[in-house]
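*Asks:* okay, structure incoming, though there's no sequence with it:
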(Lines give C-alpha, C1' and ligand atoms only; values in the text may rest on other atoms or scores of the structure.)
Protein backbone atom coordinates (compact mmCIF):
# COMPACT_ATOMS: atom_id res chain seq x y z
CA UNK A 1 0.00 0.00 0.00
CA UNK A 2 1.44 3.34 -1.00
CA UNK A 3 1.50 5.81 1.84
CA UNK A 4 -0.30 8.98 0.83
CA UNK A 5 1.63 11.98 2.07
CA UNK A 6 0.35 14.80 -0.06
CA UNK A 7 -2.19 16.95 1.70
CA UNK A 8 -3.54 20.50 1.30
CA UNK A 9 -4.45 19.78 -2.30
CA UNK A 10 -7.66 19.84 -4.26
CA UNK A 11 -8.51 18.21 -7.57
CA UNK A 12 -7.92 20.59 -10.43
CA UNK A 13 -10.09 19.57 -13.37
CA UNK A 14 -8.51 20.36 -16.73
CA UNK A 15 -10.65 22.49 -18.96
CA UNK A 16 -10.13 20.43 -22.11
CA UNK A 17 -11.86 17.08 -21.73
CA UNK A 18 -10.74 13.67 -22.92
CA UNK A 19 -13.64 13.78 -25.40
CA UNK A 20 -12.46 17.09 -26.83
CA UNK A 21 -9.00 15.63 -27.28
CA UNK A 22 -10.43 12.51 -28.92
CA UNK A 23 -12.45 14.68 -31.30
CA UNK A 24 -9.31 15.98 -32.99
CA UNK A 25 -7.80 12.51 -33.19
CA UNK A 26 -10.47 10.12 -34.47
CA UNK A 27 -9.75 7.33 -32.04
CA UNK A 28 -10.13 6.74 -28.32
CA UNK A 29 -7.41 6.88 -25.72
CA UNK A 30 -6.56 3.51 -24.19
CA UNK A 31 -3.91 1.60 -22.30
CA UNK A 32 -2.70 -1.59 -23.98
CA UNK A 33 -0.94 -3.38 -21.14
CA UNK A 34 1.41 -6.13 -22.33
CA UNK A 35 2.44 -8.54 -19.57
CA UNK A 36 4.55 -11.68 -19.69
CA UNK A 37 7.93 -13.17 -18.92
CA UNK A 38 11.17 -11.58 -20.02
CA UNK A 39 11.70 -12.39 -23.73
CA UNK A 40 8.04 -13.27 -24.21
CA UNK A 41 7.80 -10.60 -26.91
CA UNK A 42 6.06 -7.75 -25.11
CA UNK A 43 8.18 -4.88 -26.45
CA UNK A 44 8.50 -6.43 -29.89
CA UNK A 45 4.74 -6.71 -30.31
CA UNK A 46 4.02 -3.38 -28.67
CA UNK A 47 6.38 -1.62 -31.08
CA UNK A 48 4.90 -3.47 -34.04
CA UNK A 49 1.36 -2.51 -32.97
CA UNK A 50 2.56 1.07 -32.61
CA UNK A 51 3.87 1.10 -36.17
CA UNK A 52 0.61 -0.18 -37.58
CA UNK A 53 -1.50 2.25 -35.56
CA UNK A 54 0.74 5.16 -36.49
CA UNK A 55 0.30 4.29 -40.16
CA UNK A 56 -3.46 4.42 -39.55
CA UNK A 57 -3.08 7.95 -38.20
CA UNK A 58 -3.51 6.96 -34.56
CA UNK A 59 -1.51 8.72 -31.90
CA UNK A 60 0.51 6.20 -29.95
CA UNK A 61 3.35 5.86 -27.48
CA UNK A 62 5.25 2.97 -25.96
CA UNK A 63 6.33 2.83 -22.32
CA UNK A 64 8.59 -0.11 -21.77
CA UNK A 65 10.72 -1.55 -19.03
CA UNK A 66 14.00 -0.82 -20.71
CA UNK A 67 13.47 2.82 -21.51
CA UNK A 68 11.41 4.05 -18.55
CA UNK A 69 13.89 2.65 -16.08
CA UNK A 70 16.51 5.10 -17.38
CA UNK A 71 14.24 8.01 -16.53
CA UNK A 72 11.19 8.10 -14.32
CA UNK A 73 12.06 4.93 -12.43
CA UNK A 74 15.83 5.06 -12.38
CA UNK A 75 15.77 5.25 -8.59
CA UNK A 76 14.05 1.86 -8.32
CA UNK A 77 15.57 -1.62 -8.31
CA UNK A 78 14.06 -5.07 -8.58
CA UNK A 79 13.02 -5.90 -5.02
CA UNK A 80 9.33 -6.72 -4.55
CA UNK A 81 8.71 -3.24 -3.06
CA UNK A 82 10.52 -1.49 -5.89
CA UNK A 83 8.74 -3.61 -8.50
CA UNK A 84 5.43 -2.59 -6.96
CA UNK A 85 6.37 1.10 -7.03
CA UNK A 86 7.71 0.68 -10.57
CA UNK A 87 4.38 -0.63 -11.82
CA UNK A 88 2.42 1.85 -9.73
CA UNK A 89 4.20 4.81 -11.34
CA UNK A 90 3.91 3.34 -14.81
CA UNK A 91 0.21 2.69 -14.27
CA UNK A 92 -0.27 6.32 -13.28
CA UNK A 93 1.67 7.60 -16.30
CA UNK A 94 -0.17 5.25 -18.66
CA UNK A 95 -3.44 6.55 -17.29
CA UNK A 96 -2.34 10.14 -17.96
CA UNK A 97 -1.43 9.23 -21.54
CA UNK A 98 -4.77 7.50 -22.14
CA UNK A 99 -6.57 10.45 -20.56
CA UNK A 100 -4.63 12.67 -22.96
CA UNK A 101 -6.17 10.64 -25.80
CA UNK A 102 -3.25 8.44 -26.85
CA UNK A 103 -3.21 4.71 -27.32
CA UNK A 104 -0.33 3.97 -24.98
CA UNK A 105 1.39 0.62 -25.07
CA UNK A 106 2.88 -0.55 -21.81
CA UNK A 107 5.35 -3.42 -22.07
CA UNK A 108 6.50 -4.60 -18.66
CA UNK A 109 6.84 -7.99 -17.09
CA UNK A 110 4.48 -6.69 -14.36
CA UNK A 111 4.50 -10.05 -12.60
CA UNK A 112 2.01 -9.36 -9.81
CA UNK A 113 -1.71 -9.58 -10.52
CA UNK A 114 -2.60 -7.00 -7.86
CA UNK A 115 -0.27 -4.40 -9.38
CA UNK A 116 -1.85 -4.89 -12.81
CA UNK A 117 -5.30 -4.70 -11.24
CA UNK A 118 -4.41 -1.41 -9.63
CA UNK A 119 -3.21 -0.03 -12.97
CA UNK A 120 -6.46 -1.22 -14.54
CA UNK A 121 -8.61 0.50 -11.94
CA UNK A 122 -7.16 3.93 -12.73
CA UNK A 123 -8.93 3.84 -16.08
CA UNK A 124 -12.58 3.93 -17.14
CA UNK A 125 -14.08 0.58 -18.20
CA UNK A 126 -13.00 -0.51 -21.68
CA UNK A 127 -9.92 1.74 -21.72
CA UNK A 128 -7.53 -0.80 -20.19
CA UNK A 129 -6.70 -3.77 -22.40
CA UNK A 130 -4.56 -6.40 -20.71
CA UNK A 131 -2.64 -8.48 -23.25
CA UNK A 132 -0.96 -11.57 -21.90
CA UNK A 133 2.10 -12.49 -23.95
CA UNK A 134 2.05 -16.17 -23.16
CA UNK A 135 5.21 -18.08 -24.04
CA UNK A 136 6.57 -21.02 -22.04
CA UNK A 137 9.50 -20.24 -19.77
CA UNK A 138 11.60 -22.73 -21.72
CA UNK A 139 10.94 -20.83 -24.95
CA UNK A 140 11.76 -17.47 -23.37
CA UNK A 141 14.90 -18.94 -21.88
CA UNK A 142 15.97 -20.22 -25.30
CA UNK A 143 15.57 -16.75 -26.80
CA UNK A 144 17.35 -14.92 -23.94
CA UNK A 145 18.79 -12.30 -26.26
CA UNK A 146 20.15 -10.24 -23.39
CA UNK A 147 21.63 -13.25 -21.60
CA UNK A 148 19.56 -12.50 -18.51
CA UNK A 149 18.21 -16.00 -17.94
CA UNK A 150 21.71 -17.37 -18.18
CA UNK A 151 22.90 -14.91 -15.53
CA UNK A 152 19.89 -15.68 -13.35
CA UNK A 153 20.50 -19.42 -13.61
CA UNK A 154 24.10 -18.79 -12.64
CA UNK A 155 22.95 -16.84 -9.59
CA UNK A 156 24.40 -13.57 -10.89
CA UNK A 157 20.96 -11.93 -11.12
CA UNK A 158 18.69 -12.19 -8.14
CA UNK A 159 14.90 -11.97 -8.07
CA UNK A 160 14.56 -12.71 -11.76
CA UNK A 161 10.98 -13.38 -12.82
CA UNK A 162 10.40 -17.02 -13.71
CA UNK A 163 13.62 -18.18 -12.02
CA UNK A 164 13.64 -17.00 -8.42
CA UNK A 165 10.78 -14.50 -8.49
CA UNK A 166 7.17 -15.35 -9.27
CA UNK A 167 5.07 -14.51 -12.32
CA UNK A 168 1.33 -14.50 -11.77
CA UNK A 169 -0.42 -15.09 -15.11
CA UNK A 170 -3.53 -12.99 -15.74
CA UNK A 171 -6.75 -14.84 -14.96
CA UNK A 172 -8.87 -12.54 -17.04
CA UNK A 173 -6.81 -10.67 -19.63
CA UNK A 174 -8.73 -9.09 -22.49
CA UNK A 175 -6.40 -10.91 -24.89
CA UNK A 176 -3.98 -13.78 -24.58
CA UNK A 177 -1.41 -13.96 -27.35
CA UNK A 178 0.47 -17.19 -27.89
CA UNK A 179 3.85 -15.59 -28.44
CA UNK A 180 5.56 -18.94 -28.20
CA UNK A 181 4.17 -19.96 -31.57
CA UNK A 182 2.79 -17.02 -33.47
CA UNK A 183 4.54 -14.59 -35.79
CA UNK A 184 4.64 -10.92 -34.86
CA UNK A 185 2.28 -10.14 -37.73
CA UNK A 186 -0.28 -12.66 -36.47
CA UNK A 187 -0.13 -11.15 -33.00
CA UNK A 188 -0.48 -7.62 -34.35
CA UNK A 189 -3.42 -8.52 -36.58
CA UNK A 190 -5.25 -10.07 -33.64
CA UNK A 191 -4.68 -7.03 -31.46
CA UNK A 192 -5.70 -4.56 -34.17
CA UNK A 193 -8.86 -6.59 -34.80
CA UNK A 194 -9.68 -6.37 -31.08
CA UNK A 195 -9.19 -2.60 -31.08
CA UNK A 196 -11.53 -2.23 -34.06
CA UNK A 197 -14.17 -4.52 -32.60
CA UNK A 198 -14.17 -2.64 -29.32
CA UNK A 199 -14.37 0.83 -30.83
CA UNK A 200 -10.94 2.03 -29.75
CA UNK A 201 -9.87 2.62 -33.35
CA UNK A 202 -12.22 3.10 -36.30
CA UNK A 203 -12.97 0.06 -38.45
CA UNK A 204 -12.09 1.99 -41.58
CA UNK A 205 -9.19 4.31 -42.06
CA UNK A 206 -8.22 6.64 -44.86
CA UNK A 207 -7.81 4.73 -48.15
CA UNK A 208 -4.21 5.88 -48.52
CA UNK A 209 -3.34 4.32 -45.22
CA UNK A 210 -5.49 1.19 -45.41
CA UNK A 211 -3.28 -0.75 -47.80
CA UNK A 212 -0.29 -0.51 -45.54
CA UNK A 213 -2.08 -0.73 -42.25
CA UNK A 214 -1.34 -4.34 -41.56
CA UNK A 215 2.06 -4.52 -43.15
CA UNK A 216 5.07 -3.77 -41.02
CA UNK A 217 7.63 -1.56 -42.63
CA UNK A 218 10.65 -3.52 -43.67
CA UNK A 219 13.08 -0.74 -42.81
CA UNK A 220 11.90 -0.44 -39.26
CA UNK A 221 10.46 -3.81 -38.45
CA UNK A 222 9.84 -4.65 -34.85
CA UNK A 223 12.15 -7.59 -35.03
CA UNK A 224 15.08 -5.31 -35.70
CA UNK A 225 14.95 -4.00 -32.19
CA UNK A 226 15.34 -7.41 -30.62
CA UNK A 227 16.23 -9.68 -33.50
CA UNK A 228 14.28 -12.42 -31.83
CA UNK A 229 11.37 -13.26 -34.04
CA UNK A 230 11.36 -13.44 -37.84
CA UNK A 231 8.42 -11.50 -39.15
CA UNK A 232 6.49 -13.90 -41.31
CA UNK A 233 8.22 -17.16 -40.83
CA UNK A 234 5.76 -19.70 -39.47
CA UNK A 235 6.72 -20.91 -36.03
CA UNK A 236 7.05 -24.71 -35.68
CA UNK A 237 4.05 -26.53 -34.32
CA UNK A 238 0.46 -26.94 -35.47
CA UNK A 239 -1.61 -23.83 -36.04
CA UNK A 240 -4.38 -23.52 -33.52
CA UNK A 241 -7.95 -22.81 -34.57
CA UNK A 242 -7.95 -19.44 -32.85
CA UNK A 243 -4.58 -18.55 -34.35
CA UNK A 244 -3.22 -18.12 -30.86
CA UNK A 245 -5.31 -15.06 -29.97
CA UNK A 246 -7.72 -15.83 -27.19
CA UNK A 247 -10.12 -13.05 -26.32
CA UNK A 248 -11.31 -13.04 -22.76
CA UNK A 249 -14.87 -14.00 -23.56
CA UNK A 250 -13.78 -17.31 -25.02
CA UNK A 251 -11.62 -18.04 -22.04
CA UNK A 252 -14.00 -17.19 -19.30
CA UNK A 253 -17.50 -17.89 -20.52
CA UNK A 254 -18.73 -21.39 -21.31
CA UNK A 255 -21.00 -21.64 -24.32
CA UNK A 256 -24.60 -21.51 -23.23
CA UNK B 1 21.16 13.47 -6.58
CA UNK B 2 18.91 10.56 -7.42
CA UNK B 3 20.53 7.26 -6.74
CA UNK B 4 20.39 5.11 -9.86
CA UNK B 5 19.51 1.56 -8.90
CA UNK B 6 18.28 0.02 -12.12
CA UNK B 7 20.87 -2.14 -13.81
CA UNK B 8 20.86 -4.94 -16.38
CA UNK B 9 18.92 -2.78 -18.79
CA UNK B 10 19.53 -1.53 -22.30
CA UNK B 11 17.93 1.35 -24.14
CA UNK B 12 15.04 0.14 -26.23
CA UNK B 13 14.48 2.55 -29.12
CA UNK B 14 10.85 2.86 -30.13
CA UNK B 15 10.21 2.15 -33.76
CA UNK B 16 7.96 5.15 -34.33
CA UNK B 17 9.96 8.34 -34.13
CA UNK B 18 8.99 11.70 -32.67
CA UNK B 19 9.07 13.04 -36.22
CA UNK B 20 6.61 10.40 -37.42
CA UNK B 21 4.28 11.29 -34.59
CA UNK B 22 4.60 15.00 -35.38
CA UNK B 23 3.77 14.28 -39.02
CA UNK B 24 0.22 13.21 -38.14
CA UNK B 25 -0.27 16.18 -35.82
CA UNK B 26 0.93 19.28 -37.61
CA UNK B 27 2.77 20.77 -34.64
CA UNK B 28 5.85 19.97 -32.60
CA UNK B 29 5.95 18.37 -29.19
CA UNK B 30 7.11 20.68 -26.42
CA UNK B 31 7.11 21.24 -22.69
CA UNK B 32 5.64 24.56 -21.52
CA UNK B 33 6.89 24.78 -17.95
CA UNK B 34 4.96 27.32 -15.85
CA UNK B 35 6.74 28.26 -12.63
CA UNK B 36 5.82 30.76 -9.94
CA UNK B 37 4.42 31.21 -6.46
CA UNK B 38 1.21 29.59 -5.32
CA UNK B 39 -1.73 31.63 -6.71
CA UNK B 40 0.50 33.29 -9.32
CA UNK B 41 -1.82 31.95 -12.04
CA UNK B 42 0.15 28.97 -13.38
CA UNK B 43 -2.72 26.51 -13.69
CA UNK B 44 -5.19 29.15 -14.81
CA UNK B 45 -3.00 30.26 -17.67
CA UNK B 46 -1.90 26.74 -18.57
CA UNK B 47 -5.52 25.63 -18.85
CA UNK B 48 -6.40 28.69 -20.91
CA UNK B 49 -3.46 28.07 -23.27
CA UNK B 50 -4.62 24.47 -23.55
CA UNK B 51 -8.10 25.54 -24.60
CA UNK B 52 -6.77 27.83 -27.29
CA UNK B 53 -4.33 25.24 -28.63
CA UNK B 54 -7.00 22.55 -28.62
CA UNK B 55 -9.24 24.82 -30.68
CA UNK B 56 -6.37 25.14 -33.14
CA UNK B 57 -6.25 21.35 -33.46
CA UNK B 58 -3.11 20.94 -31.35
CA UNK B 59 -2.77 17.98 -29.06
CA UNK B 60 -2.23 19.17 -25.51
CA UNK B 61 -2.21 18.04 -21.91
CA UNK B 62 -1.82 19.75 -18.55
CA UNK B 63 0.15 18.30 -15.67
CA UNK B 64 -0.39 20.35 -12.58
CA UNK B 65 0.48 20.26 -8.93
CA UNK B 66 -3.00 19.62 -7.73
CA UNK B 67 -3.91 16.72 -9.95
CA UNK B 68 -0.62 14.83 -10.28
CA UNK B 69 -0.19 14.72 -6.53
CA UNK B 70 -3.29 12.54 -6.28
CA UNK B 71 -1.71 9.97 -8.56
CA UNK B 72 1.90 9.59 -9.60
CA UNK B 73 3.28 11.59 -6.68
CA UNK B 74 0.82 10.77 -3.94
CA UNK B 75 3.61 9.16 -1.91
CA UNK B 76 5.54 12.45 -1.74
CA UNK B 77 5.17 15.31 0.69
CA UNK B 78 6.58 18.82 0.77
CA UNK B 79 10.01 18.39 2.33
CA UNK B 80 12.93 19.64 0.19
CA UNK B 81 13.80 16.03 -0.76
CA UNK B 82 10.22 15.21 -1.70
CA UNK B 83 9.86 18.44 -3.63
CA UNK B 84 12.98 17.53 -5.59
CA UNK B 85 11.66 14.04 -6.35
CA UNK B 86 8.27 15.53 -7.21
CA UNK B 87 9.75 17.80 -9.85
CA UNK B 88 12.13 15.09 -11.06
CA UNK B 89 9.26 12.69 -11.79
CA UNK B 90 7.17 15.41 -13.40
CA UNK B 91 10.10 16.46 -15.57
CA UNK B 92 10.50 12.87 -16.74
CA UNK B 93 6.79 12.51 -17.49
CA UNK B 94 6.68 15.86 -19.28
CA UNK B 95 9.61 14.75 -21.40
CA UNK B 96 7.74 11.56 -22.34
CA UNK B 97 4.69 13.58 -23.35
CA UNK B 98 6.75 15.96 -25.48
CA UNK B 99 8.56 13.02 -27.03
CA UNK B 100 5.13 11.56 -27.81
CA UNK B 101 4.42 14.77 -29.76
CA UNK B 102 2.14 16.63 -27.38
CA UNK B 103 2.42 20.20 -26.18
CA UNK B 104 2.38 19.47 -22.48
CA UNK B 105 1.78 22.22 -20.01
CA UNK B 106 3.40 21.79 -16.62
CA UNK B 107 2.11 24.04 -13.86
CA UNK B 108 4.05 23.61 -10.65
CA UNK B 109 5.58 26.03 -8.22
CA UNK B 110 8.90 24.23 -8.89
CA UNK B 111 10.77 26.62 -6.60
CA UNK B 112 14.32 25.38 -7.13
CA UNK B 113 16.29 26.50 -10.18
CA UNK B 114 18.37 23.33 -10.32
CA UNK B 115 15.26 21.12 -10.45
CA UNK B 116 13.87 23.14 -13.34
CA UNK B 117 17.24 23.02 -15.05
CA UNK B 118 17.27 19.25 -14.76
CA UNK B 119 13.78 19.04 -16.28
CA UNK B 120 14.97 21.30 -19.11
CA UNK B 121 17.99 19.15 -19.87
CA UNK B 122 15.85 16.09 -20.56
CA UNK B 123 14.57 17.76 -23.73
CA UNK B 124 16.16 18.73 -27.03
CA UNK B 125 16.97 22.45 -27.45
CA UNK B 126 13.90 24.54 -28.18
CA UNK B 127 11.44 21.99 -26.82
CA UNK B 128 11.44 23.28 -23.25
CA UNK B 129 9.80 26.66 -22.74
CA UNK B 130 10.10 28.01 -19.22
CA UNK B 131 7.35 30.51 -18.44
CA UNK B 132 7.79 32.51 -15.28
CA UNK B 133 4.44 33.56 -13.83
CA UNK B 134 5.69 36.60 -12.02
CA UNK B 135 3.32 38.11 -9.47
CA UNK B 136 4.41 39.75 -6.22
CA UNK B 137 4.01 37.67 -3.09
CA UNK B 138 1.61 40.26 -1.68
CA UNK B 139 -0.64 39.89 -4.73
CA UNK B 140 -0.61 36.09 -4.52
CA UNK B 141 -1.34 36.28 -0.82
CA UNK B 142 -4.31 38.54 -1.47
CA UNK B 143 -5.76 36.04 -3.94
CA UNK B 144 -5.13 32.98 -1.74
CA UNK B 145 -8.26 31.21 -2.97
CA UNK B 146 -7.38 28.00 -1.16
CA UNK B 147 -6.52 29.77 2.08
CA UNK B 148 -3.02 28.31 2.02
CA UNK B 149 -1.12 31.52 2.69
CA UNK B 150 -3.36 32.20 5.65
CA UNK B 151 -2.60 28.76 7.07
CA UNK B 152 1.09 29.18 6.39
CA UNK B 153 1.16 32.57 8.12
CA UNK B 154 -0.60 30.96 11.07
CA UNK B 155 2.07 28.27 11.20
CA UNK B 156 -0.40 25.52 10.28
CA UNK B 157 1.38 24.75 7.00
CA UNK B 158 5.12 24.27 7.12
CA UNK B 159 7.61 24.73 4.29
CA UNK B 160 5.25 26.87 2.26
CA UNK B 161 6.93 28.53 -0.70
CA UNK B 162 7.31 32.27 -0.24
CA UNK B 163 6.61 32.10 3.50
CA UNK B 164 9.04 29.66 5.10
CA UNK B 165 10.44 27.94 2.01
CA UNK B 166 12.39 29.67 -0.75
CA UNK B 167 11.38 30.44 -4.33
CA UNK B 168 14.25 30.90 -6.77
CA UNK B 169 13.03 33.02 -9.70
CA UNK B 170 14.25 31.92 -13.15
CA UNK B 171 17.25 33.86 -14.36
CA UNK B 172 16.72 32.96 -17.97
CA UNK B 173 13.13 31.88 -18.62
CA UNK B 174 12.01 31.88 -22.25
CA UNK B 175 9.04 34.02 -21.21
CA UNK B 176 8.19 36.08 -18.15
CA UNK B 177 4.49 36.82 -17.77
CA UNK B 178 3.43 39.61 -15.47
CA UNK B 179 0.54 37.75 -13.89
CA UNK B 180 0.20 40.39 -11.23
CA UNK B 181 -1.20 42.85 -13.73
CA UNK B 182 -2.20 41.15 -16.98
CA UNK B 183 -5.49 39.52 -17.91
CA UNK B 184 -5.49 35.81 -18.70
CA UNK B 185 -6.19 36.61 -22.35
CA UNK B 186 -3.16 38.89 -22.57
CA UNK B 187 -0.99 36.18 -21.07
CA UNK B 188 -2.36 33.54 -23.44
CA UNK B 189 -1.91 35.74 -26.50
CA UNK B 190 1.71 36.36 -25.60
CA UNK B 191 2.42 32.68 -25.12
CA UNK B 192 0.66 31.63 -28.33
CA UNK B 193 2.62 34.28 -30.23
CA UNK B 194 5.84 32.84 -28.83
CA UNK B 195 4.86 29.32 -29.90
CA UNK B 196 4.14 30.54 -33.44
CA UNK B 197 7.33 32.54 -33.67
CA UNK B 198 9.42 29.59 -32.56
CA UNK B 199 7.82 27.06 -34.88
CA UNK B 200 6.16 24.94 -32.20
CA UNK B 201 2.71 25.56 -33.68
CA UNK B 202 2.00 26.67 -37.25
CA UNK B 203 1.45 30.37 -37.86
CA UNK B 204 -1.77 29.64 -39.71
CA UNK B 205 -4.43 27.17 -38.72
CA UNK B 206 -7.52 25.90 -40.50
CA UNK B 207 -9.93 28.76 -41.33
CA UNK B 208 -12.74 27.18 -39.31
CA UNK B 209 -10.58 27.25 -36.24
CA UNK B 210 -8.83 30.55 -36.77
CA UNK B 211 -11.67 32.80 -35.72
CA UNK B 212 -11.95 31.19 -32.32
CA UNK B 213 -8.32 30.56 -31.74
CA UNK B 214 -7.71 33.42 -29.41
CA UNK B 215 -11.09 33.52 -27.74
CA UNK B 216 -11.56 31.50 -24.61
CA UNK B 217 -14.82 29.60 -24.41
CA UNK B 218 -17.19 31.27 -22.05
CA UNK B 219 -18.68 28.01 -20.83
CA UNK B 220 -15.38 26.58 -19.79
CA UNK B 221 -13.20 29.54 -19.13
CA UNK B 222 -10.01 29.03 -17.26
CA UNK B 223 -11.16 31.30 -14.50
CA UNK B 224 -13.98 28.94 -13.62
CA UNK B 225 -11.53 26.45 -12.27
CA UNK B 226 -10.05 28.86 -9.81
CA UNK B 227 -12.34 31.86 -9.89
CA UNK B 228 -9.33 34.06 -9.37
CA UNK B 229 -8.91 36.17 -12.44
CA UNK B 230 -11.71 37.70 -14.53
CA UNK B 231 -11.07 36.99 -18.18
CA UNK B 232 -10.97 40.35 -19.86
CA UNK B 233 -11.21 42.78 -17.05
CA UNK B 234 -8.11 44.97 -17.00
CA UNK B 235 -6.05 44.55 -13.89
CA UNK B 236 -5.37 47.79 -11.99
CA UNK B 237 -2.11 49.52 -12.73
CA UNK B 238 -0.57 51.05 -15.85
CA UNK B 239 -0.10 48.86 -18.89
CA UNK B 240 3.56 48.27 -19.66
CA UNK B 241 4.94 48.77 -23.13
CA UNK B 242 5.69 45.08 -23.57
CA UNK B 243 2.22 44.14 -22.29
CA UNK B 244 3.84 42.23 -19.47
CA UNK B 245 5.32 39.49 -21.68
CA UNK B 246 9.07 39.59 -21.60
CA UNK B 247 10.79 37.15 -23.94
CA UNK B 248 14.20 36.01 -22.82
CA UNK B 249 16.09 37.78 -25.56
CA UNK B 250 14.87 41.13 -24.35
CA UNK B 251 15.81 40.32 -20.79
CA UNK B 252 19.25 38.97 -21.32
CA UNK B 253 20.74 40.67 -24.36
CA UNK B 254 21.59 44.36 -24.44
CA UNK B 255 20.85 46.08 -27.72
CA UNK B 256 23.93 46.17 -29.84
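*Replies:* Thanks, I have it. Just so it is clear, the structure is predicted and the values come from calculations on it, not from any experiment.

*Asks:* by mean pLDDT, which helix or strand of chain A comes out lowest?
*Replies:* helix A:222-226 (a mean of 35; mean pLDDT, DSSP states H and E).

*Asks:* which stretches of chain A have low pLDDT?
*Replies:* A:1-15, A:65-66, A:205-256 (pLDDT under 70).

*Asks:* all the helices of it, in order from the start?
*Replies:* Using DSSP state H, the helices of chain A run over A:18-23, A:42-55, A:65-68, A:80-99, A:113-121, A:137-143, A:148-153, A:184-197, A:207-210, A:222-226, A:248-252.

*Asks:* which helices and strands sit right next to the fourth one?
*Replies:* With contacts defined as 3 or more CB pairs under 8 Å, 6 or more residues apart in numbering or on different chains; DSSP states H and E, the packing partners of helix A:80-99 are strand A:30-35, strand A:60-64, strand A:103-107, helix A:113-121, strand B:60-64, helix B:80-99. Using the backbone N, CA and C atoms, a C-beta is placed for each residue, glycine as well.

*Asks:* now that helix against helix A:113-121, angle please.
*Replies:* Using axes from the mean of the first three to the mean of the last three CA atoms, to 10 degrees, the inter-axis angle of helix A:80-99 relative to helix A:113-121 is 20 degrees.

*Asks:* just want the angle from helix A:80-99 to strand B:60-64.
*Replies:* With the same axes, to 10 degrees defining the directions, helix A:80-99 sits at 140 degrees from strand B:60-64.

*Asks:* what residues of helix A:80-99 count as buried?
*Replies:* A:82-99 (16 or more other CB atoms under 10 Å in any protein chain shown).

*Asks:* the first one too?
*Replies:* Buried residues in helix A:18-23, defined by neighbour count with 16+ other CB under 10 Å: A:18, A:20-21.

*Asks:* roughly how far does the spatially most central residue of chain A sit from chain B?
*Replies:* For chain A, the residue nearest the mean C-alpha position is residue A:34 (2.3 Å; CA atoms, centre = their mean). Residue A:34 sits 13 Å away from chain B, going by CB to the nearest CB, to the nearest Å.

*Asks:* chain neighbours aside, what residue packs nearest to that residue?
*Replies:* What sits nearest to residue A:34 in space, not counting adjacent residues and going by CB to CB, 6 or more residues apart in numbering or on different chains, is residue A:42, at 4.0 Å.

*Asks:* distance of the one you found from residue A:49?
*Replies:* 11 Å (CB to CB, to the nearest Å).

*Asks:* burial count for the residue nearest to residue A:34?
*Replies:* Residues near residue A:42, counting by other CB atoms under 10 Å in any protein chain shown, number 28.

*Asks:* try residue A:203
*Replies:* The tally of other residues near residue A:203 (other CB under 10 Å) stands at 9.

*Asks:* can you check residue A:71 too?
*Replies:* There are 16 residues near residue A:71, going by other CB under 10 Å.

*Asks:* hmm, residue A:30 is touching residue A:98, no?
*Replies:* Yes. Assessed by CB atoms under 8 Å, residue A:30 is found in contact with residue A:98 at 5.6 Å.

*Asks:* shared neighbours, those two?
*Replies:* Residues touching both residue A:30 and residue A:98 (CB atoms under 8 Å, 6 or more residues apart in numbering or on different chains): A:104, A:127-128.

*Asks:* quick check, residue A:96 in contact with residue B:67.
*Replies:* No. Taking contacts as CB under 8 Å, residue A:96 lies outside contact range of residue B:67: 9.2 Å.

*Asks:* quick one on the thing from earlier: out of the helices of chain A, deepest packed?
*Replies:* helix A:42-55 (a mean of 26; mean count of other CB atoms under 10 Å in any protein chain shown).

*Asks:* what's the angle from that helix to strand A:30-35?
*Replies:* 160 degrees.

*Asks:* what's the angle between helix A:42-55 and strand A:103-107?
*Replies:* Relative orientation of helix A:42-55 versus strand A:103-107 (the same axes, to 10 degrees): 170 degrees.

*Asks:* centre of the chain to helix A:42-55, how far?
*Replies:* Relative to its chain's centre, helix A:42-55 lies at 10 Å (CA atoms, centre = their mean, to the nearest Å).

*Asks:* packing partners for that helix?
*Replies:* Using 3+ CB pairs under 8 Å, 6+ apart: helix A:42-55 touches strand A:30-35, strand A:60-64, strand A:103-107, strand A:128-133, helix A:184-197, helix A:222-226.

*Asks:* of all those, which lies closest to residue A:165?
*Replies:* strand A:30-35 (14.3 Å; CB to CB).

*Asks:* so residue A:91 sits against residue A:118, correct?
*Replies:* Yes. Contact criterion CB under 8 Å: residue A:91 and residue A:118 qualify, at 6.2 Å.
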